[in-house]
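Chemist: quick one: sequence and predicted model below, then my questions.
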Amino acid sequence: MKVTVERAHLLKALNHVHRIVERRNTIPILSNVLLRAEGDDLRLKATDLDIDVAERVPAVISEPGATTVPAHMLYDIVRKLPDGSQVELATRPDGATIDLRSGRSKFSLQMLPESDFPDITAGVFTHKFDILASDLKRLVDRTQFAISTEETRYYLNGIYFHTVEVGGDLRFRAVATDGHRLAQAEFIAPHGAEGMPGVIVPRKTVGEIQKLVEDPEAQVTVELSDSKIRLSFGEVVLTSKLIDGTFPDYGRVIPQGNDKDLIVDRSEFAAAVDRVSTISSERGRAVKLTVGDGRLTLSVTNPDSGSATEELGVEYESEPLDIGFNSRYLLEIAGQLETDTAIFRLADPGSPTLIQDRGRDNALYVLMPMRV
Amino acid sequence: MQNHPSNLTHVRQLSDDMINRIAAGEVIERPASVVKELVENAIDAGATRIDVTTAGGGTTLIRVVDDGFGMTRPDLALAIERHCTSKLTDEALLAIETLGFRGEALPSIGSVARLSIATRHASEPHGWELSVEGGIKSAPRPAALTLGTRIEVRDLFFATPARLKFLRGERAETTAIADVIKRLAMARPDIRFQISGSDRGTTTYTSIAGPDAHLVRIAQILGEDFAENAVPLDFERDGIRLTGFAGLPTFHRAAATHQFFSVNGRPVRDKLLLGALRGAYMDVMASDRHSVVVIDIALPPEEVDVNVHPTKADVRFREPQTVRGLIVSGIRAALSATGHRASTTGGRATLAALRPGWQPAPAYPAPAQASLPRVHSGQTMGIGGSRAPEIPRPASWDWQAMGPAAPAANGFAEGETGQDSPVHHANEPPSAPTLDASFLSHPLGTARAQLHENYIVSQTEDGMILVDAHAAHERLTYERLKRQRAETGVARQMLLIPEIVELTADEAGALLAAADDLASAGLVIESFGGQAIAVREVPVLLGKFDIARLVRDIADDLTDQGISNRVETRINRVLSTVACHGSVRTGRRLTLPEMDALLREMEVTPNSGQCNHGRPTWVELKLADIERLFGRS
């Protein structure tokens, strides 16, 4: 294989694929990136056996071929090469070494045979549709924080994507929960998503999706089967296994009858929660919300250091109520809201609370109170 | 059925001898069981001295001689019949006050060994003797004997060769016999015990009278170490009295073989009691270490059922939770009353560590080195009577001063009562401000320096103290966090999606029965059908964790021990991590006032003598010890 490629192109592609590669591997080839020179492209591909990211960059091919080289090493080398330089990659006839030349720099890297490189992308995808990159990113951004990290309930370790019919419209919906809170975001389902299976996309894949969305206006092609998802971001193609499990019937925990509406200024509220929780040292210290008569009082007590209260003017017309929440959860949800005004739908101190942007129903959050 | 001999097809009454052999299988498990039965008989007979002689690990010979009441001739003849006993009247099974009562021991032994009994009762002009060999009894014949009973068991299990094959080695059986005697002797310091034989050295526990008899006897058995590192227990609640001694948390063993329980003077080894002990030490000892305790539980005989098993090692309490609570709270109270005390073995280990590095000059007198291992030998209480017939009380320990009311003074009586030592006027560093002279009389003394950016060196009136500043501060922080948690209660996060845990119906039932306790620890559960439990709320402090596994572990604890501390343990573990991060680290230089402040806080904080893993936070070197190191004593 002999190929010449622009450093900027190679760096961009390596930047995308090398992140998948784990730093420590028990299988040596998983540390490597696959390089394949073919036609007018150099194709790069990396995998951790759960996710596979492939990208093609324009290149001048003098001699087609394929090999694998250590991904992080190659990335670091290319990163340190001067901007605007050309990179020449040429395998030696011994089949064990590849030479990388750029300007006056020369590197020799050990290769592993391309034939050993695992391929997880095979399989038939039953559904295919295009969605706007910004829409996909919004769904992921709004729900990602609620993904569970607890490994026993593995089916909560990802975002559940599925379609659901709401008022005659088919919506494409993302849901994540860790058993303490739940986040849900949705938009009108694109053509082709009808009848798609509900899929749980693992946390690591979710993180990669967030990073791969570079142009919000671009279209992302989504392909699905029962066990895999493939997302094409232009030249970059990500294929991932799905979590093989059943997502719980989350609809049952979304409260329907909460009738006490508390309307707050979102940024004012978040800043106030942040301020009063300074006083708590232990993790997960509760902040108490006392609402009534157009006023919301936030208070935190820490027997070690003291207490804090802050009062906010709010819209609230139901009977007074005291309710405690984990301040970190409140801040995280407040950070997800998109408009200036948030609405808390409360029932009682022992029941889930619904939090939404006022006047929008394309995202909602459910938070369970704390007992103190 | 065709192949069976026809006489097996009929139901028939077993012969008495066969019945005795079967019973012997339960009562007489191994030579140590024979010793137990015979020594218990001797104790029940009011003996003041009991001599046990064994040979061949007890299989060749067990001889027990006592000076108790003895038996009359008719009693003797009856004693070897099954279910014949003088210890139980017809109505008294629910209120047993003697060690034995089943009337099984002698006939059982007689059916599997060559048994000979010689006894003399005060009302008889001379003694009587009879023998039983494999169940065949001889007639009583006169024997020369002073008051009391002598029982010899030879060729144990000769009549049941199968049992003989299953015995462990001679050494193991010899040790087991010694252990049985230890357990019995522990409860009765007034009786002199001697055990000897061709298979062992002679051990004597002299009889002891007086208020400290118990402790002296314990020291005879467990060694002087324990006496120095134990706190006395004496608690009473609801008619149940707990007495004995609990080892300090820093004084621990790798196995649970040094935990002696007795109920109304009867040595027992009961799961409930051992579990309670674990609970009591949960917070101050690493989970793979075991405490050393000697505890007697005195309660009305009708409150406890000892007739659970022929060997009577298991007991049933009518109010198991009360007994358990008393043990846990009693030991905890006693331990926290000791405040900062750490075990003296730390200081001794220091001395031991110093020794190998010490290279005496050739001209140095050899006896000085020989005397070093005996640094504390002036107080050593020998186990063998040959060493210390009259046991002196340890001079360095004032048990009377011990008590929950005087935490700071505990264990330092010698520091305050000792005569004015030369320390006062010697070695006052010129840099030391005058204010620290006032701390010299404090138990942990006045801080002089910090070494290796961690260890505080402090001077007391009669020695010096080394404090592991990080470990000590970590423990202080931990105790403070625990106090806060106790004040504010456990914050609980309600679960949006309840965790459903599948269990067996028994486990689910046990969990639900304990639901109130679990809720106060922060875990709220409710029934979810017959075999499943729904977890509704979890302690916030634990963050996100494997709820199902915790619940299953708790269920195991509950079915096994009747109680579970797991949630508290988990919470305390989190607190201890927080404490570790919030403490002064090794590498931080402290000023003298900071060091003194730490020492003063340690003196008033319960359990500050050990870190969260049971390691001591400080060790003491007595001036006398230091002087011995230099051969000056």
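Modeler: Okay, I see it. Residues are numbered from 1 along each chain as shown, chains lettered A, B, ... in the order given.

Chemist: give me the pLDDT value at A:Glu268.
Modeler: Per-residue pLDDT puts A:Glu268 at 94.

Chemist: near chain B, which residues of the stretch 101-250 of chain A?
Modeler: Residues of the stretch 101-250 of chain A that fall close to chain B, judged by C-beta under 8 Å from any C-beta of the partner chain: A:148-153, A:177-182, A:248, A:250. For every residue, glycine as well, the C-beta is placed using N, CA and C.

Chemist: not counting its neighbours along the chain, what's nearest B:Ser441?
Modeler: Once flanking residues are discounted, B:Ser441 sits nearest to B:Glu461: 5.9 Å by C-beta to C-beta, 6 or more residues apart in numbering or on different chains.

Chemist: the one you found - how many residues pack around it?
Modeler: B:Glu461 has 21 neighbouring residues, counting by other C-beta atoms under 10 Å in any protein chain shown.

Chemist: just the element for the residue of the stretch 1-150 of chain A found nearest chain B, please.
Modeler: Proximity of the stretch 1-150 of chain A to chain B (C-beta to the nearest C-beta) peaks at A:Glu150, 4.8 Å away. In the assignment (DSSP states H and E), A:Glu150 maps to no helix and no strand.

Chemist: so it is in contact with B:Asp546, correct?
Modeler: Yes. Between A:Glu150 and B:Asp546 there is a contact at 6.6 Å, judged by C-beta atoms under 8 Å.

Chemist: count the residues that sit near the residue in the stretch 51-200 of chain B that chain A sits nearest to.
Modeler: Per C-beta to the nearest C-beta, B:Arg168 is where the stretch 51-200 of chain B lies closest to chain A, at 43.9 Å. A total of 11 residues lie near B:Arg168 under the criterion other C-beta under 10 Å.

Chemist: cool, and the one 5 residues further on?
Modeler: Using other C-beta under 10 Å, B:Glu173 has 22 other residues around it.

Chemist: how about the one 3 residues further on?
Modeler: Here the number of neighbours of B:Ala176 (other C-beta under 10 Å) works out to 20.

Chemist: check the one 10 residues further on too.
Modeler: The tally of other residues near B:Met186 (other C-beta under 10 Å) stands at 24.

Chemist: now B:Gly223
Modeler: 16.

Chemist: and B:Arg475, what does it touch?
Modeler: B:Ala579, B:Thr605, B:Asn607, B:Ser608, B:Gln610, B:Cys611, B:Asn612, B:Thr617 (C-beta atoms under 8 Å, 6 or more residues apart in numbering or on different chains).

Chemist: can I assume it sits in a helix?
Modeler: Yes. Under DSSP: H, G, I helix; E, B strand; the rest coil, B:Arg475 falls within a helix.

Chemist: and it, how close does it get to B:Leu575?
Modeler: Distance, B:Arg475 to B:Leu575, by C-beta to C-beta, to the nearest Å: 11 Å.

Chemist: residue numbers of the stretch 351-500 of chain B in contact with chain A?
Modeler: B:480, B:484, B:487-489, B:491-497, B:499.

Chemist: most neighbours among those residues, which one is it?
Modeler: Highest count within those by other C-beta under 10 Å belongs to B:Gln493, 27 neighbours.

Chemist: ok, for it, nearest residue in space, not its chain neighbours?
Modeler: Using C-beta to C-beta, 6+ apart, the closest residue to B:Gln493 is B:Val540 (4.8 Å).

Chemist: can you give me the strands in the stretch 501-633 of chain B?
Modeler: Taking DSSP state E, counting those that start in this stretch as the test, the strands found in the stretch 501-633 of chain B are B:524-527, B:532-539, B:618-622.

Chemist: can you list the strands that the shortest one pairs with?
Modeler: Paired neighbours of strand B:524-527 in the sheet (DSSP bridges): strand B:532-539 (antiparallel).

Chemist: circling back: now the strands of the stretch 501-633 of chain B in CSV, with mean neighbour count?
Modeler: Shown next, in CSV, are these (neighbours: other C-beta atoms under 10 Å in any protein chain shown):
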stretch, mean neighbour count
strand B:524-527, 18
strand B:532-539, 20
strand B:618-622, 23
